[in-house]
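[1] have a look at this prediction, sequence included:
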Amino acid sequence: MSTSHGPALHTPTTIKSGHTTPSSEPQKSNIARQQFLGAALNMSWQLAVVVLVPIIGGVELGKALGSPTVWTFAGLVVAFAGSGLVMWRAMQAANRLPVPKLTDAQRRQIQKSYEEEDEEE
């Protein structure tokens with residue numbers, strides 16, 4: 001059994017005696033959820049800092065130097081670039097997470113559920 005932390009499907013596992021028992025998929029799902037929440041919280045505070053500091057700094061610098069619109073706009077441009085960098089880094093981290101390998105039966109089950117959703121629309 002792999003130790004991937006991606007989205008989990010609830011499938012039984014077969015042990016040597018031939019009996020099937022529920023796998024540890026709920027635990028893996030919980031780990032994946034914790035990883036997602038941690039990544040989301042990490043990105044959230046980084047975005048808050050990267051957006052607020054340059055904009056507030058631009059406003060305050062503009063007040064001090066007498067041209068608030070120029071410095072506020074400059075802060076906005078820095079905030080935009082910084083937020084793009086934060087999101088790019090978050091996507092790079094997400095792409096490093098392991099992806100679970102699906103069996104053919106699991107793929108068919110997922111495809112069937114997609115087809116059923118399409119028929120309902």
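    Cool, got the structure. Numbers count the residues shown, from 1 in each chain.

[2] hey, where'd the strands end up in this protein?
    Per DSSP state E, the chain carries strands over the ranges 12-14, 20-22.

[3] OK, contacts around residue 36?
    Residues near residue 36 by CB atoms under 8 Å, 6 or more residues apart in numbering: none. Placement of C-beta: from N, CA and C, glycine included.

[4] and the pLDDT at residue 21?
    Note for residue 21: predicted pLDDT of 44.

[5] correction: residue 31
    Looking at residue 31, its pLDDT stands at 80.

[6] just residue 96 next, same as before
    At residue 96, pLDDT is 85.

[7] what's the answer for residue 7, then?
    On the pLDDT scale, residue 7 gets 45.

[8] go ahead and flag the most central residue of the chain.
    When the chain is reduced to its mean C-alpha position, the closest residue under CA atoms, centre = their mean turns out to be residue 36, at 5.5 Å.

[9] and the gap between it and residue 50?
    Using CB to CB, to the nearest Å, residue 36 is found at 21 Å from residue 50.

[10] not counting sequence-adjacent ones, nearest residue to residue 42?
    Sequence neighbours aside, residue 90 is the residue nearest to residue 42 in space, at 7.6 Å (criterion: CB to CB, 6 or more residues apart in numbering).

[11] okay, now the one you found: neighbour count?
    When neighbours are defined as other CB atoms under 10 Å, residue 90 has 17 of them.

[12] who's in contact with it?
    Contacts for residue 90 (CB under 8 Å, 6+ apart) come out as 39, 42, 43.

[13] residue 27: which of these is nearest?
    Using CB to CB, residue 39 comes nearest to residue 27 of the contacts of residue 90, at 19.0 Å.
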